[in-house]
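S.K.: My questions concern the predicted model and sequence given below.
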Amino acid sequence: MLLDRAAFLQHREELVKLYLQSFTTGELAQYIPAETAIETLEELSLKGGGVIALRNEKIVGAIYGLPLAYDKEFPAEQCPEIPVDNTTYIAELMVHSELRGQGLASELMHTFLENEKMKGNSDAVIRVWDKNTGALNLYKKQGFSEIAEIAQEKIQQDGMTVFQMNKIYLHQRLK
């Protein structure tokens, strides 16, 4: 199911729960207040779109993308071969923890990238925490290759301790 503004408004509560479950639990968790999750998803729904995966009428996965120009941290000067105006930035890929490893993320990415090609985008970029080896391996299997790295300051689950998160940008030319 396409994730446009109307779908976001209809499924807002479920999407926020999925976002928080995806990024604030498990061994790779960080602290993200619910208000920040709401703001992030609200912004994505206004500036971009994506795809929702449903099982038994419940959202179990989602992918959100928007034009790469909206990613203020993208090191464009290090990647002059990436056409920023024709590149989609996959901002969020979320799969319910109970369904990880079953191909759902691959399905979401495939559907999303096919839609982006039909819109006229020539490239896709995604960013991942270097410690998230499962996601990193998935993206490489999907045809993405590493192009750049950045460091971000994040907050650990305790809500106070700051740590550095090294992020890897990966790129794929859409065929």
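M.R.: Sure, I can see it.

S.K.: those helices in the chain, which residues are they?
M.R.: Using DSSP state H, the helices of the chain run over 5-23, 34-47, 104-118, 133-141.

S.K.: Tabulate these in CSV, adding columns for mean neighbour count and mean pLDDT.
M.R.: C-beta coordinates here come from the backbone N, C-alpha and C atoms, glycine included. Converted to CSV, the helices of the chain look like this (neighbours: other CB atoms under 10 Å; pLDDT from 0 to 100):
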stretch, mean neighbour count, mean pLDDT
helix 5-23, 17, 96
helix 34-47, 16, 96
helix 104-118, 18, 96
helix 133-141, 16, 95
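
S.K.: out of those helices, which comes closest to residue 157?
M.R.: Proximity to residue 157 (CB to CB) singles out helix 5-23 among these, at 10.7 Å.

S.K.: Show me what that closest one is packed up against.
M.R.: When contacts are defined as 3 or more CB pairs under 8 Å, 6 or more residues apart in numbering; DSSP states H and E, helix 5-23 packs onto helix 34-47, strand 49-55, strand 58-67, strand 87-95.

S.K.: tell me the angle the first one makes with strand 49-55.
M.R.: Translated: helix 34-47. Helix 34-47 runs at 120 degrees relative to strand 49-55, counting by axes from the mean of the first three to the mean of the last three CA atoms, to 10 degrees.

S.K.: Summarise which helices and strands helix 34-47 is packed against.
M.R.: helix 5-23, strand 58-67, strand 87-95.

S.K.: Contacts for the longest one next, please.
M.R.: Residues outside helix 5-23 that contact it (CB atoms under 8 Å, 6 or more residues apart in numbering): 1, 29-30, 32, 34, 37-38, 40-42, 44-46, 49, 52, 58-62, 92, 94-97.

S.K.: quick revisit: with distance to residue 151 added, can I get the helices and strands packed on helix 34-47 in JSON lines?
M.R.: Output for those, formatted as JSON lines (distance: least, CB to CB, whole Å):
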{"stretch": "helix 5-23", "distance to residue 151": "18"}
{"stretch": "strand 58-67", "distance to residue 151": "22"}
{"stretch": "strand 87-95", "distance to residue 151": "18"}
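
S.K.: Of all these, which one is nearest residue 149?
M.R.: For residue 149, the closest of the helices and strands packed on helix 34-47 is strand 87-95, at 15.9 Å, according to CB to CB.
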